[in-house]
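>>> Just need the structure, nothing else, for what follows:
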Amino acid sequence: MTQGRLPYGISPPAYRLPETTHVGAVHLQVSDLQQSLSYYEQVLGLASRHITNESAILSADAEEKPLVTLHTRSGIIPARRGAFGLFHFAILLPDRAALGRFAAHLTSFDLKVGMADHLVSEALYLWDPDGLGIEVYADRSRDTWRHHDRELAMTTDPLDVDSVIAAGSGEQWTGAPRGTMMGHVHLHVGSLAEAEAFYHRALGLDKTVWNYPGALFLSAGGYHHHLGTNVWSQGPAPSEDQAQLLEWELLVPTGDDVAAVSQSLDVAGYRAQHTAKTLVATDPWGTRVRVTTSQQAE
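This next block holds a predicted model:
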């Protein structure tokens, strides 16, 4: 998208990510691989593959595209609440009916579940065995999204969970359906100005919501957000022995796009390690983002 094609969003001043850019897998460090696998399979309905003593890849049922990769090693302890880095990662279901089936499925577990209506989407919030935040959500149609003075309207209202469950038509949840993807990542950061400098001006994401209290939301291609950042926590960054987000993937179409991101980061004064099809950059609070091509990520 260019700024003239949509009535909302603020483009970065220089490099801008391609319209088809989207979030790929998240890589998590966990304390107990088997415990985490049980949670991600039984509660979230993800399918595991490539399991070793130290890692496992999880994807949606019948999908080969990785959504979550779990990593562990000796001595890892649960996450510290409020550390810089992961606030939550967000699994996007293909429709409201799937979210309804998932919401009904959750009633069979003794779990703390948060709920919210964000106008652009409806969401459920959970925490894995290490306290890592997870959102499972479904988008509303883009033609219902509202905006004012180029800013998308997003809020946190109570969710009509009975209506969501009813959308599932009483059908059983049989796992994450085909079409499930990683919708966005939301991070605790130390400064919204520094987050804007890194993710908007250097990495090339558009700003979509900037007046939400204590938060800044960014995306590519007109999506409501591929990345949320907030200053709701004092940090600091997690220690190496804590469960945490190790890195998240941002998928671009081609190797030329990876090179363009690398150049933009370099001009802005940020270092990145890169090959022909992949780069890894670290934000000011130690969170790694891997920019790679869709083919390279599979």
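
>>> where do the helices sit along the chain?
33-42, 96-106, 161-167, 192-195, 255-267, 294-297 (DSSP state H).

>>> Pick the most buried one from those.
Compared across those, helix 96-106 shows the largest average neighbour count, a mean of 21 (mean count of other Cβ atoms under 10 Å). Where C-beta positions appear, they are placed from N, C-alpha and C, glycine not excepted.

>>> do you know how far the residue lying closest to S36 once chain neighbours are set aside is from Y40?
Using Cβ to Cβ, 6 or more residues apart in numbering and skipping residues adjacent in sequence, the residue nearest S36 is V30, 4.3 Å away. Using Cβ to Cβ, to the nearest Å, V30 is found at 9 Å from Y40.

>>> and if you look at A202?
Applying Cβ to Cβ to A202 and Y40 gives a distance of 33 Å.

>>> What residues of stretch 168-175 count as buried?
G168, W173, G175 (16 or more other Cβ atoms under 10 Å).

>>> for the nearest residue to S264 once chain neighbours are set aside, what are its contacts?
Once flanking residues are discounted, S264 sits nearest to Y15: 3.6 Å by Cβ to Cβ, 6+ apart. Y15 makes contact with A202, G204, A260, V261, Q263, S264, according to Cβ atoms under 8 Å, 6 or more residues apart in numbering.

>>> ok now do the fifth one, which residues does it touch?
By Cβ under 8 Å, 6+ apart, the contact set of Q263 is Y15.

>>> now it: how far from G204?
Taking Cβ to Cβ, one finds Q263 at 11 Å from G204.

>>> List the beta-bridge partners for R150.
With DSSP bridges as the criterion, R150 is bridged to Y8.

>>> Does it touch Y8 like I think?
Yes: counting by Cβ atoms under 8 Å, Y8 is a contact partner of R150 at 5.2 Å.

>>> So for these two, which sits in the more crowded spot?
Between R150 and Y8, Y8 has the larger neighbour count (other Cβ atoms under 10 Å), namely 20 against 14.
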